[in-house]
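Novice: A structural model of the following input is requested.
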Amino acid sequence: ILMLKMKFFLVICCLAAAVVAEKYSDKFDNIDLQEILENKRLLKAYVDCVMERGKCSPEGKELKEHLQDAIETGCEKCTEKQEKGSYTVLEHLIKNELEIWRELTAKFDPEGKWRKKYEDRARANGIVIP
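Specialist: As a prediction, the model looks like this:
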């Protein structure tokens, strides 16, 4: 019985490690987010991609593929750089591109469940939301 318990414990540990280790790909972690946020044309292209109104670059396709999950899990599968970058983008949209923010939240968070969390974080960082 002790051997059976040890095997079970080992299997549970391996499964837990596999779940913890699951992260999104880091191949686009070095993308220049500031360049995108400061360039209306680039920003619109990414928004059109995730809103399914336009073509997607490889980076946009990757973003669109994981955006819903990242929003709903609080970015738990994000690398550290992705998590930091996502808050930079969210706060920029809330502060400077409110219409885009509202459009994205209408699609990806229609019940407003996650929007409140992100807007509360933005307010805590001094961003005024009309």
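Novice: so how many other residues sit close to Lys84?
Specialist: Residues near Lys84, counting by other C-beta atoms under 10 Å, number 13. Where C-beta positions appear, they are placed from N, C-alpha and C, glycine not excepted.
Novice: distance between the one helix or strand it maps to and the chain's centre?
Specialist: Using DSSP states H and E, Lys84 falls within helix 80-96. Centre-to-centre, helix 80-96 and its host chain are 9 Å apart (C-alpha atoms, centre = their mean, to the nearest Å).
Novice: one more: stretch 91-105?
Specialist: Per C-alpha atoms, centre = their mean, the displacement of stretch 91-105 from the mean C-alpha position of its chain is 14 Å.
Novice: span of that stretch from start to end?
Specialist: Taking C-alpha to C-alpha, to the nearest Å, stretch 91-105 runs 13 Å from one end to the other.
Novice: same for the helix holding Lys84, what does it pack against?
Specialist: If contacts are counted by 3 or more C-beta pairs under 8 Å, 6 or more residues apart in numbering; DSSP states H and E, helix 80-96 sits against helix 33-38, helix 98-108, helix 115-124.
Novice: grab the nearest non-local neighbour of Lys23.
Specialist: Spatial nearest neighbour of Lys23, excluding adjacent residues (C-beta to C-beta, 6 or more residues apart in numbering): Lys77 at 5.3 Å.
Novice: residues in contact with the residue sitting nearest the centre point of the chain?
Specialist: In the chain, the C-alpha nearest the mean C-alpha coordinate belongs to Ala70, at 4.0 Å (C-alpha atoms, centre = their mean). Taking C-beta atoms under 8 Å, 6 or more residues apart in numbering, we find Ala70 in contact with 24, 77-78, 82, 86.
Novice: among the residues you listed, which pair sits farthest apart?
Specialist: Pairwise distances across the contacts of Ala70 peak at 11.3 Å for Lys77 and Ser86 (criterion: C-beta to C-beta).
Novice: I appreciate the help and will end here.
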